[in-house]
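Asker: okay, structure incoming, though there's no sequence with it:
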Ligand SMILES: [Mg+2]
């Protein structure tokens with residue numbers, strides 16, 4: 001049982017450095033990914049080649065994936081198509097509804113599922129509430145939605161108190 005719902009199980013600066021062998025050893029079978037500033041820059045449809053290649057590696061590790069984003073449908077769909085994975089858009093994270101939907105799509109239990117995201121108040125809080133294994137990554141870029149920028153200030157204070165150095 002985690003002491004604090006804002007604390008991730010693991011902090012890894014970049015998605016492509018997530019230890020997949022470790023996740024295999026932990027019997028994890030599915031991963032839920034945030035989109036903006038986790039997979040792509042905020043509101044930029046480009047996905048870097050190293051990330052596309054890493055999703056191939058994920059398939060080789062027999063871990064299935066799904067995007068869960070608070071962003072709008074067409075934007076999330078475009079990224080999901082590029083990665084060849086399903087998606088849930090307009091997710092209203094940290095609410096649990098979209099996480100439940102993703103688990104249904106993935107056909108996995110909370111114990112078998114990992115969530116990866118760059119924000120503690122949406123991705124990590126939501127994942128911990130669902131009983132998922134939570135991985136915090138550093139945001140890809142500092143460009144983001146104004147609402148997120150305001151949340152970051154509060155987030156940075158919380159991270160400092162939790163002793164996590166979020167940005168590299
Ligand atoms: Mg994000």
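Answerer: It's in. Computed from a predicted structure; not experimentally measured.

Asker: what parts of this protein come near the ion?
Answerer: Residues of the chain that fall close to the ion, judged by CB under 5 Å from the ion: 34, 36, 37, 38, 118. Quick note: C-beta positions are derived from backbone N, CA and C, even for glycine.

Asker: show me the contact partners of the worst-scoring helix or strand of the chain on mean pLDDT.
Answerer: Sorted by mean pLDDT, DSSP states H and E, the helices and strands of the chain end with helix 146-162, the least confident at a mean of 81. For helix 146-162, the external contacting residues (CB atoms under 8 Å, 6 or more residues apart in numbering) are 4, 6, 7, 42, 119, 120, 121, 144, 165, 166.

Asker: what helices or strands is the helix or strand hosting residue 135 leaning on?
Answerer: If you go by DSSP states H and E, residue 135 is part of strand 133-136. Counting contacts by 3 or more CB pairs under 8 Å, 6 or more residues apart in numbering; DSSP states H and E, strand 133-136 packs against strand 10-11, strand 113-117, helix 125-130.

Asker: now that strand: average pLDDT?
Answerer: Averaged over strand 133-136, pLDDT sits at 97.

Asker: cool, stretch 34-46 as well?
Answerer: On average, stretch 34-46 scores 91.

Asker: can you pull out the helices in this protein?
Answerer: Using DSSP state H, the helices of the chain run over 20-25, 49-60, 73-83, 97-106, 125-130, 146-162.

Asker: dump those helices to JSON lines, plus mean neighbour count.
Answerer: Below are those laid out as JSON lines (neighbours: other CB atoms under 10 Å):
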{"stretch": "helix 20-25", "mean neighbour count": "13"}
{"stretch": "helix 49-60", "mean neighbour count": "14"}
{"stretch": "helix 73-83", "mean neighbour count": "16"}
{"stretch": "helix 97-106", "mean neighbour count": "18"}
{"stretch": "helix 125-130", "mean neighbour count": "23"}
{"stretch": "helix 146-162", "mean neighbour count": "13"}
